[in-house]
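Undergrad: pasting a predicted model and its sequence here:
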Amino acid sequence: MDIDKEFEAISHPLRIKILEILSKKPLRFSELKRELGIESSGKLDFHISKLGGLVEVNSEGKYALTREGYAALQAIEAIRRYGWQRRAYYLNLLAYLVANAYAAISNLNLWLTLILPITSAWIAFYSYWAIVKRGIFRAF
């Protein structure tokens, strides 16, 4: 399965839910359907077929995750975990720039003596914490 198809496979919330359920234990089609609360067998079949190489039928006739399925689920979790942190970091940088620009235009003396040192200390601390300690720019 190529990367484009993998991203397409995990782009639907129901398919993500299927991966999460199957990561706990393999299930038969009817058990999976019941667990998801889906009434249409066709709907479940469609989404399982979209998952392609991420899900397989094992020797007991149950749907189970493949190694690639577990990897896709780990990628989803990493995106969930680090996505908001990266956005928060960018918002902090934007707030820093806007606050300093406004303060510099409004009152240059106040900006140089108070606003710039405080906001610079904050952004230095926040950058260290976000990048080094939390690793928001590390590869998943």
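TA: In hand now; what should we look at? From a predicted model like this one, the values you see are computed outputs, not experimental measurements.
Undergrad: can you classify Glu68 as helix, strand or coil?
TA: helix (DSSP: H, G, I helix; E, B strand; the rest coil).
Undergrad: that one against Leu54, yeah?
TA: Yes - between Glu68 and Leu54 there is a contact under Cβ atoms under 8 Å: 5.4 Å. Placement of C-beta: from N, CA and C, glycine included.
Undergrad: distance from the chain centre to the helix or strand containing Phe125, please.
TA: Taking DSSP states H and E as the criterion, Phe125 maps to helix 116-127. Taking Cα atoms, centre = their mean, to the nearest Å, one finds helix 116-127 lying 27 Å from the centre of the chain it belongs to.
Undergrad: again, but for stretch 56-75
TA: With Cα atoms, centre = their mean, you get 20 Å for stretch 56-75.
Undergrad: mind listing what's buried in that stretch?
TA: Buried residues in stretch 56-75, counted by 16 or more other Cβ atoms under 10 Å: 56, 62-66, 68-69, 72-73.
Undergrad: over to stretch 85-96?
TA: Neighbour counts over stretch 85-96 (16+ other Cβ under 10 Å) mark 89, 92, 96 as buried.
Undergrad: which of those residues fall within helices?
TA: Under the assignment DSSP state H, the buried residues of stretch 85-96 contribute 89, 92, 96 to helices.
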